[in-house]
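>>> dropping the sequence and predicted coords here.
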Amino acid sequence: MSSEQTRKLIVLAAIWAVLLLAPYWMVPLGGYTALATRVLVLGLAAMSLNFLLGFTGVLSFGHAAYFGLGAYGAGLTLKFLALSTPLALIAGILLGGICGGLLGLLIVRRRGVYFAMVTIAFGQVFYYIAFQWSSLTGGDDGLRGFSRQPLDLGLFKIDILSSANNFYFFVLFCFALAVGAMGFILRSPFGRTMIAIRENERRSRFLGIPVERHIWISFTLSCFFMAFAGALYALVNNFADPRGLHYSQSGDFVMMAVMGGMRSFWGPLLGAFVFVVLQDYLSSMTTNWMSFVGLLFVLVVLFFPRGLLGFLQRSKA
Amino acid sequence: MSEAMSSRANVLEIQNVTKRFGNLVAVRDVSLNVAKGEMCAIIGPNGAGKTTFFNLISGFFPPTSGAIQFDGQDITKLATHERVSRGMARTFQITEIFPELTVFENVRIAAEVAAGYRLRPWINRTEVAEIHQRVEDTLKLVSLETKTDRLVGELSHGDQRASEIAMALALKPHLLLLDEPTAGMGDQETYQITQLIRRLHRDSNYTIVLIEHDMRVVFHLADRICVLDQGRMLAQGTPQEIAANETVQAAYLGTAA
């Protein structure tokens, strides 16, 4: 094994150790477990967006739609269909992923700014549906009246509602599944065609890659991951918010990905961590917290164009 | 064309293609047959429609009229990637590569797509070994085997060109289209690329169509030369025939000399 591989393994082990022990180090540092859970869920969302943005080179500004659909899918299932956390998650994933796949067929015909505009437009459609269809979605007030259910493993049940730590580890398990799948895809021949498209679309076409079809697959996969994050978010809050579908939420995800480093796999998680922790800390002091996060974002983009993680990796090398 | 040539199977048959952009006729009623194993050079002054003609062959855009056959099948309406998967590979006047990936990674993508793995979520060990072998063989062919782990964007212009040709070769094409392979190169690099193309033609028997400005290269390499001028096919023939052709000399060679 080369020293490069060894180093990568050590870094990977360190990341998972930090995540596994988060409830035990965040609390002494003045945080709380639910904050760590939010970081994981929003980090998964930012990584899902980055699957498309950083590794296929296509910017979607409407990904919150699929995040929100995942949340409503999970919430509506718990409220009206079945009192089961796994079923709620699956319903959320399917709702967001399938809607993303269908709309993606239309969206991938455009490229660049037009692609971003079309993603916003379709995203807003779902926002207005959730906003207007009060009888089903609760409208402006959001979807309430459901809560995550204990996990029934046959022999015993795990309480994830009142135990913040249990819920954190459940979310970490889901996070690991999704992130593992993403990493697996990115190392595959298909994943390498995504990177080829990011690097040079014309060359990819002239190597025989049907570029639109590959972007569509990447877009759809990214929507499924996004919907998974959204479904988990509904469980975090026991609530689904129409603003979770809004394009400003999409902008937050883009900000997390870019701030953390969109060329790196783990960058968006770091971006989400900074974003969520700053939001939590600053919003207790000022209602104007977003200007501080915005300022940080501008500084990162100006001085560390490869994001925080990109900067850390460079200074180490 | 000699009888020996026409008795061979044609890889490419282009019948009366025309391409209009609004009022401009970039390519006007051009026909061309390329036999298997042949090396055909397209020359002509700037703006003669050479690159547009190449774009028609490789499917960048469809012709306004006319038909293109490849390996005996009509491909006039096929998209680029479909033409590539039938065995057509192309390089560009301005090198099109993946600058932030290594030489190995550049060629591996081509080899994996050519092997039909582009949608595969995983490949097994035997398949990985086969791909690696193919990449190594291709890199040896273009003399880049000592630079496999270098980023392509950091290589010299000549080596970037060679990487692009390696990507095209990894597709195992029946037809290789080279758009000005020596553009922007010094004498040493021009010589190396010319030797490479000659090896591909003579030793590996590739069918090649190339656009080239450097007349030394063209007359050194080509079996047949086609002269385009203002979108029209002015003349085609062996290097000797073209050198002796008065119309060509008046339109092109005379001014270039």
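Alright, I've got the coordinates. Values in this document were obtained by computation on a predicted structure and should not be read as measured data.
>>> what ranges do the strands span in the stretch 201-317 of chain A?
Across the stretch 201-317 of chain A, reading from the start of the chain, there are no strands by DSSP state E, counting those that start in this stretch.
>>> residues of it that sit close to chain B?
Applying the criterion C-beta under 8 Å from any C-beta of the partner chain, the portion of the stretch 201-317 of chain A that neighbours chain B consists of A:202-211, A:214, A:217. The C-beta positions use only the backbone N, C-alpha and C, and glycine is treated the same way.
>>> could you redo the last one with a cut-off of 6 Å?
Within reach of chain B by C-beta under 6 Å from any C-beta of the partner chain, the stretch 201-317 of chain A has these residues: A:202-203, A:205-210.
>>> now for the residue of the stretch 151-300 of chain A found nearest chain B, how many residues are close by?
Per C-beta to the nearest C-beta, the residue of the stretch 151-300 of chain A with the smallest distance to chain B is A:Gly208, at 3.6 Å. With neighbours defined by other C-beta atoms under 10 Å in any protein chain shown, the count for A:Gly208 comes to 24.
>>> the one 4 residues further on now?
Residues lying near A:Glu212 (other C-beta under 10 Å) number 16.
>>> chain neighbours aside, what residue packs nearest to it?
Spatial nearest neighbour of A:Glu212, excluding adjacent residues (C-beta to C-beta, 6 or more residues apart in numbering or on different chains): A:Val108 at 5.1 Å.
>>> thinking again about what came up before, quick check: the gap between the residue of the stretch 151-300 of chain A closest to chain B and B:Pro121.
Look at A:Gly208 and B:Pro121: by C-beta to C-beta, to the nearest Å, they are 19 Å apart.
>>> pLDDT (mean, whole number) over stretch A:237-244?
Average pLDDT, stretch A:237-244: 88.
>>> and for it, what's in contact with it?
Stretch A:237-244 is touched from outside by A:68, A:71-72, A:75, A:130-131, A:142-144, A:147, A:234, with contacts defined as C-beta atoms under 6 Å, 6 or more residues apart in numbering or on different chains.
>>> try stretch B:138-146
Among residues not part of stretch B:138-146, those counted as contacts by C-beta under 6 Å, 6+ apart are B:103, B:107, B:162, B:165-166, B:169-170.
>>> reformat the contacts of stretch A:237-244 as JSON lines; add neighbour count, pLDDT and distance to A:Val18.
Formatted as JSON lines, these follow (neighbours: other C-beta atoms under 10 Å in any protein chain shown; pLDDT from 0 to 100; distance: C-beta to C-beta, whole Å):
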{"residue": "A:Gly68", "neighbour count": "31", "pLDDT": "94", "distance to A:Val18": "29"}
{"residue": "A:Ala71", "neighbour count": "33", "pLDDT": "95", "distance to A:Val18": "27"}
{"residue": "A:Tyr72", "neighbour count": "30", "pLDDT": "94", "distance to A:Val18": "32"}
{"residue": "A:Gly75", "neighbour count": "31", "pLDDT": "93", "distance to A:Val18": "30"}
{"residue": "A:Ala130", "neighbour count": "28", "pLDDT": "89", "distance to A:Val18": "35"}
{"residue": "A:Phe131", "neighbour count": "18", "pLDDT": "89", "distance to A:Val18": "38"}
{"residue": "A:Gly142", "neighbour count": "20", "pLDDT": "82", "distance to A:Val18": "32"}
{"residue": "A:Leu143", "neighbour count": "23", "pLDDT": "86", "distance to A:Val18": "33"}
{"residue": "A:Arg144", "neighbour count": "14", "pLDDT": "85", "distance to A:Val18": "34"}
{"residue": "A:Ser147", "neighbour count": "15", "pLDDT": "82", "distance to A:Val18": "29"}
{"residue": "A:Ala234", "neighbour count": "31", "pLDDT": "94", "distance to A:Val18": "26"}
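>>> which members of those residues are the farthest-apart pair?
With distance counted by C-beta to C-beta, no two of those lie farther apart than A:Phe131 and A:Ser147, which are 23.1 Å apart.
>>> picking up where we left off before, for the residue nearest to A:Glu212, give me its contacts.
Applying C-beta under 6 Å, 6+ apart, the residues contacting A:Val108 are A:212, A:215-216.
>>> ok, the residues of the stretch 201-317 of chain A next to chain B vs A:Tyr168, which is closest?
When those are compared against A:Tyr168 (criterion: C-beta to C-beta), the nearest one is A:Ile209, at 40.6 Å.
>>> give me the nearest residue to that closest one, chain neighbours excluded.
Distances taken as C-beta to C-beta, 6+ apart place A:Thr193 nearest to A:Ile209, at 5.2 Å, with adjacent residues excluded.
>>> thought A:His214 was touching the one you found, still the case?
Yes: under the criterion of C-beta atoms under 6 Å, A:Thr193 lies in contact with A:His214, with a separation of 5.4 Å.
>>> ok, the two, which is more surrounded?
The neighbour comparison of A:Thr193 against A:His214 (other C-beta under 10 Å) goes to A:Thr193, with 28 against 21.
>>> backbone phi and psi for residue 181, please?
I went with chain A, as the question did not name one. The phi and psi torsions at A:Ala181 (degrees, to the nearest 10) take the values phi -60, psi -40.
>>> my question was about chain B
Comment: the main-chain dihedrals of B:Pro181 come out as phi -60, psi -20, following degrees, to the nearest 10.
>>> ok, back up a step: out of the residues of the stretch 201-317 of chain A next to chain B, who has the most neighbours?
Among those, the one with the most neighbours (other C-beta under 10 Å) is A:Leu207, at 31 neighbours.
>>> so that one versus A:Arg144, what's the distance?
The spacing between A:Leu207 and A:Arg144, counted by C-beta to C-beta, is 51 Å.
>>> indicate the residue of the stretch 51-200 of chain B located nearest to chain A.
Among residues of the stretch 51-200 of chain B, the one nearest chain A by C-beta to the nearest C-beta turns out to be B:Val84. It sits 3.6 Å away.
>>> where does pLDDT dip in the chain?
Just so you know, I chose chain A. Judged against pLDDT under 70, the low-scoring parts of chain A cover residues A:1, A:314-317.
>>> hmm, I had chain B in mind actually
Applying pLDDT under 70 to chain B picks out residues B:1-8, B:252-257.
>>> center of it - which residue?
Ranked by distance to the mean C-alpha position of chain B (C-alpha atoms, centre = their mean), the top residue is B:Leu177 at 1.3 Å.
>>> interface residues of the stretch 101-250 of chain B facing chain A?
Residues of the stretch 101-250 of chain B lying near chain A (C-beta under 6 Å from any C-beta): B:109-110, B:112-113, B:117-123.
>>> turn the residues you listed into CSV, including distance to A:Phe292.
Compiled in CSV, those are given as follows (distance: C-beta to C-beta, whole Å):
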residue, distance to A:Phe292
B:Ile109, 42
B:Ala110, 47
B:Glu112, 46
B:Val113, 47
B:Tyr117, 47
B:Arg118, 45
B:Leu119, 45
B:Arg120, 46
B:Pro121, 42
B:Trp122, 44
B:Ile123, 47
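>>> drop anything exposed from those residues.
In these, burial by neighbour count holds for B:109-110, B:112-113, B:117-118, B:120, B:123, counting by 16 or more other C-beta atoms under 10 Å in any protein chain shown.
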